[in-house]
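[1] Make a model of this:
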Amino acid sequence: MNNAISKKAADNIRILSAAMVEKANSGHPGGAMGGADFVHVLFSEFLNYDPQDRSWVNRDRFFLDPGHMSPMLYSILALTGTYTMDELAGFRQWGTPTPGHPEVDFSRGIENTSGPLGQGHTMAVGAAITERFLVNRFGSWMSHNIYTFISDGGVQEEISQGAGRLAGHLGLSNIIMFYDSNDIQLSTKTKAVTTEDTAKKYEAWGWAVKTIDGNNHDEIRAAIKEAQAEKNRPFLIIGKTIMGKGAVKEDGSNFERQVSTHGMPLSQAGASFEKTIANLGGDPADPFRIFPEVAELYAKANAEKAKYAAQKKAEQKAWEAENPELAAKFKTFFSKETPKFDFAAVEQKANSATRAASSTVLAAFAGKVENMIVMSADLANSDKTDGFLKKTTAFTKNDFSGSFLQAGVTELTMAAVANGMALHGGVIPVCGTFFVFSDYMKPAARMAALMELPVKYVWTHDAFRVGEDGPTHQPVEQEAQIRLLEKLKNHKGDNSMLVIRPADAEETTVAWQMALENTTTPTALILSRQNITNLPDNDFKKSQQAKKGAYIVSKDAGKIDILLVANGSEVATLIEGAHLLRQKKGLKIQIVSAPSEGLFRNQPKAYQDEVLLPGVPRFGLTAGLPVTLQGLIGDNGITVGLDHFGYSASYKVLDQKFGFTGEAVFEKVCALLKK
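    Below is the predicted model:
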């Protein structure tokens with residue numbers, strides 16, 4: 001490689017990055033200018049992809065962690081041919097494909113949405129696990145590398161510990177991470193906030209580490225080659241780079257390594273935009289240009305990559321011819337089709353906790369839904385994901401023959417890893433923990449919703465009935481928080497998450513059916529710790545009505561006096577209360593199970609009216625905040641829930657103290673009707 005042209009290509013990225021931010025009058029030019037050398041060398045010489053088929057399943061992946069460095073990513077992808085100069089010039093503007101932080105778009109080479117620091121490289125760990133899982137099942141012909149780019153902020157975010165520990169523990173030698181260490185962050189120099197030895201930290205986690213001059217192309221090449229040769233450990237390249245490399249002031253003096261260039265246009269940071277562009281070899285009056293020799297370099301690089309991809313595809317075709325059954329399975333793994341599974345054959349134990357019912361379904365999945373990876377944050381025997389684990393094995397270093405990930409006590413890491421698995425493709429990620437700890441997972445769950453990833457969340461111990469564990473473990477406000485994602489639309493206009501809280505064991509089977517069939521958004525299953533009495537005469541067929549989000553559990557003949565609405569274990573409590581209301585007051589009652597309000601609101605109005613009976617008084621019962629059901633109850637009734645934290649006691653005592661009994665329902669409905 002001619003280093004003069006190579007340097008010119010990196011300068012081209014610097015020019016485009018600075019120009020994008022300058023024109024938008026918004027953004028982060030400094031880091032992009034410093035990281036340009038690494039991404040240029042990586043993309044032009046090492047990253048394997050098909051220029052004509054960017055979604056090729058056997059490509060290398062590049063996960064960007066610091067989303068604020070999007071100008072760098074858009075610029076390098078423009079050199080490879082997926083963005084135009086006009087699109088770069090429209091950076092951060094309405095209707096352009098170049099938002100302020102990158103949003104996943106495989107066709108353009110963007111593997112992940114990035115922005116919240118730390119999550120991007122943790123997604124890369126998930127992708128690396130997936131690659132190992134798939135290679136174990138289909139062969140080394142589909143081996144590929146996962147590259148990721150991290151900044152000081154990503155290293156500092158606590159999630160980096162989970163990602164670093166997990167990758168090292170599993171010996172993920174297929175992941176190569178570049179740490180853009182420029183000693184500058186948004187508001188300070190890094191020395192103002194940390195003095196840790198990053199290299200030693202990663203070495204302690206089991207990584208191979210090499211520190212280089214991150215702007216020296218020969219050192220970058222040598223480091224990547226060494227990383228590719230490593231077969232037992234993930235590899236960290238610490239590149240000491242220069243923030244705002246090439247920036248100068250109006251008088252031509254150096255303006256590199258300045259904090260101000262991190263988060264504002266060069267002209268506002270104290271540099272001269274025009275002089276900087278000229279210093280880098282560009283035309284200040286027309287900066288959105290690719291140098292002819294750089295265009296030629298990338299045309300040749302793309303030709304080589306196309307040749308490599310053709311060879312790999314030919315290798316795959318030969319493998320498929322020799323292994324038709326495996327080839328069919330491989331195709332199924334990467335399709336959007338729901339795996340074939342006979343849910344009607346699942347036999348549930350009556351009156352069981354919904355976490356136990358979930359375990360029954362997961363046990364049935366094991367060995368049949370072959371591309372499912374289940375993980376738990378050190379709670380498999382409590383969140384009952386061990387129903388799956390008992391029929392497989394957990395991943396260990398160099399052994400990915402099983403289908404279970406023991407994530408350790410790192411809920412956020414686990415959730416981001418699940419996102420990376422879904423982004424890579426070929427697997428169905430499931431992650432479990434206690435519902436109260438969804439608080440730890442929310443940032444990654446939100447990213448799954450934004451990216452439209454079909455991750456499945458198993459959140460158990462769903463209410464104050466966790467009992468003796470006390471308020472630290474008793475969710476109250478969590479359901480209301482998670483259900484906001486049912487109300488929030490993704491960019492396709494769909495509910496950004498499917499949230500289901502089943503009312504009994506049979507509904508749980510259907511909830512899992514809904515989760516598996518949902519291939520376009522994440523699904524949350526909110527499950528009980530305690531046993532729940534089955535709904536009257538319920539079975540799998542009757543519970544199919546749950547697919548409409550809410551349905552009539554029971555309905556008396558004649559004019560209905562009161563509508564009772566709940567989800568989860570509170571439906572059984574309503575049934576107890578309804579028995580008393582009929583017996584003592586002779587009331588006509590309709591009882592509704594509403595496991596998913598978001599799904600219910602997608603139904604035709606006629607169906608919604610049939611279920612909710614406009615004009616009839618409504619009573620809602622929820623173990624969470626009353627607002628959880630307020631959208632279904634409206635102004636024509638009351639919702640009883642909790643407006644306080646829980647207390648430590650057995651769940652039966654708490655039911656009595658908090659008014660979650662049939663007798664309490666009877667009294668509160670009578671009071672409502674008196675009004």
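
[2] need the contact list for the closest residue to residue 390 other than its chain neighbours.
    Spatial nearest neighbour of residue 390, chain neighbours left out: residue 363 (6.8 Å); criterion: C-beta to C-beta, 6 or more residues apart in numbering. Just so you know, the C-beta spots here come from the backbone N, C-alpha and C atoms, and that holds for glycine as well. Contact analysis of residue 363 by C-beta atoms under 8 Å, 6 or more residues apart in numbering lists 387-388, 390-391.

[3] what does the average pLDDT come to for the longest helix seen in the chain?
    When the chain is parsed with DSSP state H, its longest helix is helix 292-322. The average pLDDT within helix 292-322 is 98.

[4] try stretch 611-618
    The model assigns stretch 611-618 a mean pLDDT of 98.

[5] now the end-to-end length of it.
    11 Å (C-alpha to C-alpha, to the nearest Å).

[6] In it, which residues are buried?
    611-613, 617-618 (16 or more other C-beta atoms under 10 Å).

[7] Provide the contact partners of that stretch at residue level.
    So stretch 611-618 is contacted by 550-552, 560-565, 590, 592, 600, 632-634, 636-638, 672-673 (C-beta under 8 Å, 6+ apart).

[8] From the chain's centroid, how far away is stretch 243-259?
    Offset of stretch 243-259 from its chain centre (C-alpha atoms, centre = their mean, to the nearest Å): 38 Å.

[9] ok, back up a step: of the buried residues of stretch 611-618, which belong to strands?
    Judged by DSSP state E, the subset of the buried residues of stretch 611-618 located in strands is residue 618.

[10] Distance to residue 39 for the buried residues of stretch 611-618 - can I get that in a markdown table?
    Formatted as a markdown table, those follow (distance: C-beta to C-beta, whole Å):
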| residue | distance to residue 39 |
| --- | --- |
| 611 | 54 |
| 612 | 54 |
| 613 | 60 |
| 617 | 63 |
| 618 | 57 |
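
[11] returning to that earlier point: now do the helix or strand just after the longest helix of the chain: everything it contacts.
    Later in the chain than helix 292-322, the nearest helix or strand by DSSP states H and E is helix 324-333. Contact partners of helix 324-333, identified using C-beta under 8 Å, 6+ apart, comprise 134, 137-138, 319-321, 339, 370-371, 426-427.

[12] of all these, which comes closest to residue 186?
    Among those, residue 427 lies closest to residue 186 (C-beta to C-beta), at 35.3 Å.

[13] neighbours of that closest one, just the number please.
    21 (other C-beta atoms under 10 Å).

[14] tell me the pLDDT at it?
    98.

[15] can you pull the contacts of it?
    130, 133-134, 333, 371-373, 421.

[16] With residue 67 instead?
    Taking C-beta under 8 Å, 6+ apart, one finds 100-102, 113-116, 120 in contact with residue 67.

[17] By neighbour count, which of those wins?
    Result: residue 120 is most packed of the contacts of residue 67 (other C-beta under 10 Å), 30 neighbours.

[18] can I assume it is in contact with residue 62?
    No. In this structure, residue 120 is not within contact of residue 62 by C-beta atoms under 8 Å, at 10.1 Å.

[19] which stretches of the stretch 251-400 of the chain form strands?
    372-376 (DSSP state E, counting those that start in this stretch).

[20] Can you pull out the low-pLDDT segments for it?
    The stretch 251-400 of the chain contains no residues with pLDDT under 70.

[21] cool, the chain as well?
    Ranges of the chain meeting pLDDT under 70: 1.
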